[in-house]
Each structure stands twice: as structure tokens, then as C-alpha cells.
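In: Quick one, fold the following:
(chains A and B)
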Amino acid sequence: MGMMDCGRIVTDDTAFFRFGPVARPVAFVNCAPLSQTIAARLNGWAVAPWPETTARPEPVITVTRRENDYALASDTIKGEEIYEGDTNIVCAFIAELVMAFGAADPETLFLHAGGAVVGDRLVIYPARGKTGKSTLTAELAARGARVFTDDVVPVNLETGKAMALGIEPHLRKPLPDALPAAERRWIEDHVSIANARMAYLGLPRAGAGALAPLGETRRIGAFVLLKRNEGARPRLESCPRVDLMKLIIRQHFGAARPAPEILPRFKALIESAPCWRVTYSGGDEAARLIEELASKP
Amino acid sequence: MTIPSSETRFLRKGGLSVTEVEDDIFIVIPETEDIFHLNNLGRALWALLAEPSSAAELADAVAEAFPGEAREKIARDIADFLDKMTKQKLVTAAPKSS
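Out: Numbers count the residues shown, from 1 in each chain, chains lettered A, B, ... in the order given. Just a heads-up that it's a prediction; the model follows:
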């Protein structure tokens, strides 16, 4: 017999988790506690260790803790991406989680949009980055609206209903100077995790300013196209649906059907609710104008 | 831009998918999934191109709808429209016999 090998062999510690309805596991390598940091940013997602007794497919997302950063790999990332700090990896992870969530369903259109429930009406404002939609969502929450989404909203093209993803809004920092003091204070009081460049908002799970949970569905009550125009007179006006159609064509993903089939469905969607344009220059103008929609036909 | 000869007649291509939204249309080429948008004037020209039409005939129709516009400008705009539509494979030169 040879000499007994009693040295400790250091191996990666991989924990596999199930994230809500996502069919495949998520792997955390040397960073299992990060799963809880992420889970705390979600509402209505059952996050639990992947059951030992269940067959385990290849992970759809893998996060690996390295000495000074995290490596993120997924079905949609070529190779891996590197992120420093918990807030950055949480943000990148959640984007991949949304992609994994949306991968399975060809009937679902994913729209880059913010959305909030004003009165009884779900108002969806499609827009991409730097239009201020996340700040607007936070402002609406501060004023008591139910937050449906701040970034992406799935819409079922069969039913025309939107579904909440139950993800905390995240804002770019610093907050705009023109933000009214009361809303700024409310937002700052609700920061859950943050770094120098962004902050997540830990919204209440019930009551005023609550975050709708994953799976809450609502018929869209109005579409709003945001137009930030420095110095412009703030106004709410009816908007041609053609403008909304062009925006949706540019700003969607998912709905994996041929374009000739998709366009008539987009048309049905945009005709399902009135379309408005909100022109604003800052402050709480956009939030106030969107609140007016509660009493519009 | 290629100026079409006065004898060339144009026809919209078949097999395209068209969705109407208000006064405009969105056209999809199924093979490439490219999507094009035409405003109300483009849509009116598209309708005329259901039958073989020359640039002059299209310009006549536009001039009738917009009597205040200079005929020369209309002719330039039509030539530009046909050039773009041909390059995007939405419109083709009609066979001579048409």
C-alpha cells in the first residue's frame, strides 16, 4: 500500500437552485449566499435548492465567485462576463433570468417598458434606457401607485394581458436634480442594495407603492410614449398608434414567431388600449400626467 | 438614386405580408423578415402599384392629390420612392407586356 493521502483537496462548491418557473437550474459556484441576495430582489419567485431527487439539466445560468469579481455564463452569453460587486452581478443575473424565463413561450412578447397601476388602470410606457422610465416608475411608487415593472413586461399575444415579473426596480445614480424632495426622500428610504452607479428599490409587497408579484396579470389600460424635451410645456395628448407600433417592433424580444404572423398580433395589442404621449421636461411632470390617465376614458 | 426610364413600369412584389395600422402600412418580406413602414402617401402609392405603373403615372396621381406641390419636386420624390422600394425588393419592374 502507498502512503495514505490525507491532504484536503480544495474543490469548487457548487449550489444548484430553482428560480420560480424557470425550467432549468441556476448554479452558484462558491457563492451560494448570492442566491438569497437575488431572491430578496424578487417578489413571487419561489427560490429554493434544486431538489436532490430531481434530474438536473445543465444550468441555464452559472455564477462563479472569483477572488475579486464574479463570472456570469448563460445560454445567451458567449463565454462569460465579469462583474465586480454584488449589485452589478445581481443586475446582470436578473437580466439573464428574464431571458431564461421568456425562452420557453412563443406566445409571449417581452417589451422594454415601465408599467404602473394608476387608479385601476395598468399604464405601460415602452422605452429603452436613458428615457427616465425607471425614475418615473419609482416616482409613481412614491406617489402610491402599484409597480408592475420598471424594465421589461411580458405580454401574452393570445390574451393581450401583461404579466408582472416581480422584480424590484433599479435606478441609475445619481437621481435627477429636478426630482421633488418628498419623492427623493421616499426613494432613498427604500433603497435595498446599491453601488455608486445604481440602486435597487425594496418596495413594499402590499399597500401603497407595492411591487406586483411574478404572475400577476392585468389587461393593459393605456400605452404611454414618453417624450422628454428640456423646456417643453408638459402635456398629455393622444398619440398615433403607428408610433407605438414602430416602438414595439424595435423594442421587443421573445415572441418567436415569423414576422408575418407577429405583426397582426402587435396590431391587435396596440388597438386594445388607448395610446397617449406624455411630453415632459423633468420634475414630477410625467408622473402627474400619467396619474391623470386614471380618470380618462 | 437611379432615375427610371419613362417607359419603365413598376409593380409591387407578390408574397409580401401587409399589416394596416391607421393610415399607414407595415410590410414584411417573409423570407428575410425585414419590416418596412410606409406612411399614408407611401401607402397610397403602394395601392397604385397593385397595377403596373410608371413613375409619371404615380407623379400624376400625387400631383392631383397635392395641387400646391411643384411637379418637379413630386417627380423627384417618386423617383426616390421607386428607387428605395426597388432596392428593398418591395417593388419590381413590370414585364414589358403588361
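In: ok and the residue in chain A nearest chain B?
Out: Residue of chain A nearest chain B, by C-beta to the nearest C-beta: A:Pro260 (3.5 Å). All C-beta atoms are positioned from the backbone trio N, CA, C, and that covers glycine.
In: What helix or strand is that residue located in?
Out: helix A:259-270 (DSSP states H and E).
In: ok so, going back, so what's the residue of chain A closest to chain B closest to, chain neighbours aside?
Out: B:Ser17 (3.5 Å; C-beta to C-beta, 6 or more residues apart in numbering or on different chains).
In: Would you indicate which residues of the helix holding A:Pro260 are buried?
Out: A:259-260, A:262-263, A:265-267, A:269-270 (16 or more other C-beta atoms under 10 Å in any protein chain shown).
In: Could you do stretch A:14-26 as well?
Out: Neighbour-count burial for stretch A:14-26 [16+ other C-beta under 10 Å]: A:15-20, A:22, A:24-26.
In: what about that stretch, start to end distance?
Out: 10 Å (C-alpha to C-alpha, to the nearest Å).
In: Spell out which residues of chain A are next to chain B.
Out: Residues of chain A lying near chain B by C-beta under 8 Å from any C-beta of the partner chain: A:240-242, A:245-246, A:249, A:258-260, A:263-264, A:266-267, A:270.
In: picking that back up, what two of the buried residues of stretch A:14-26 are the furthest from one another?
Out: For the buried residues of stretch A:14-26, the maximum inter-member distance is 16.8 Å, found between A:Ala15 and A:Gly20 (C-beta to C-beta).
In: for chain A, where's the lowest mean pLDDT among helices and strands?
Out: Ranking every helix and strand in chain A by mean pLDDT, DSSP states H and E puts strand A:252-254 at the bottom, with a mean of 80.
In: The chain: helices as residue ranges?
Out: Just going to use chain A. A:34-39, A:86-102, A:133-142, A:181-189, A:241-250, A:259-270, A:285-292 (DSSP state H).
In: try chain B instead
Out: Under DSSP H, chain B gives helices at B:40-48, B:55-65, B:71-87.
In: shaky segments in the chain?
Out: Looking at chain A here, since you left the chain open. Residues of chain A that meet the criterion pLDDT under 70 lie in A:1-11, A:104, A:129-130, A:255-256.
In: was after chain B, sorry
Out: B:1-6, B:97-98.
In: Please pick out the residue of it most distant from its centre.
Out: Most distant from the centre of chain B: B:Gly68, at 21.1 Å, with distances by C-alpha atoms, centre = their mean.
In: how about that residue, what does it touch?
Out: Contact partners of B:Gly68, counting by C-beta atoms under 8 Å, 6 or more residues apart in numbering or on different chains, are absent.
In: Now do it against chain A, distance only.
Out: 24 Å (C-beta to the nearest C-beta, to the nearest Å).
In: where does that residue fall, phi/psi-wise?
Out: The phi and psi values for B:Gly68, taken as degrees, to the nearest 10, are phi -80, psi -10.
In: Give me the number of neighbouring residues for A:Ala142.
Out: Using other C-beta atoms under 10 Å in any protein chain shown, A:Ala142 is surrounded by 24 other residues.
In: before we move on, the earlier item: how much distance is there from the helix holding A:Pro260 to the middle of the chain?
Out: 23 Å (C-alpha atoms, centre = their mean, to the nearest Å).
In: Please work out which residues outside it touch it.
Out: By C-beta under 8 Å, 6+ apart, helix A:259-270 touches A:109, A:155, A:157, A:160, A:220, A:223, A:241, A:244-245, A:248-249, A:255, B:17, B:19-21, B:26, B:28, B:30, B:33, B:35.
In: got the angle between that helix and helix A:241-250?
Out: Interaxial angle of helix A:259-270 relative to helix A:241-250 (axes from the mean of the first three to the mean of the last three C-alpha atoms, to 10 degrees): 130 degrees.
In: and helix A:259-270, C-alpha only, in PDB?
Out: This file holds the C-alpha atoms of helix A:259-270, laid out as PDB (Å, rounded to 0.1, in the frame of the first residue of the first chain):
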ATOM      1  CA  ALA A 259     -42.700  38.400 -38.500                       C
ATOM      2  CA  PRO A 260     -45.700  38.000 -40.900                       C
ATOM      3  CA  GLU A 261     -47.600  36.300 -38.100                       C
ATOM      4  CA  ILE A 262     -46.400  38.600 -35.300                       C
ATOM      5  CA  LEU A 263     -47.300  42.000 -36.900                       C
ATOM      6  CA  PRO A 264     -51.100  41.400 -37.000                       C
ATOM      7  CA  ARG A 265     -50.800  40.400 -33.300                       C
ATOM      8  CA  PHE A 266     -48.900  43.500 -32.500                       C
ATOM      9  CA  LYS A 267     -51.700  45.400 -34.200                       C
ATOM     10  CA  ALA A 268     -54.300  43.800 -32.100                       C
ATOM     11  CA  LEU A 269     -52.300  44.600 -29.000                       C
ATOM     12  CA  ILE A 270     -51.800  48.300 -29.700                       C
END
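In: and A:Gly215, what does it touch?
Out: With C-beta under 8 Å, 6+ apart, A:Gly215 has these contacts: A:44, A:163-164, A:166.
In: How many residues are close by the residue nearest to A:Lys161 when sequence neighbours are not counted?
Out: Nearest residue to A:Lys161 in three dimensions, chain neighbours excluded: A:Thr217, at 4.6 Å (C-beta to C-beta, 6+ apart). Look at A:Thr217: counted by other C-beta under 10 Å, it has 14 neighbours.
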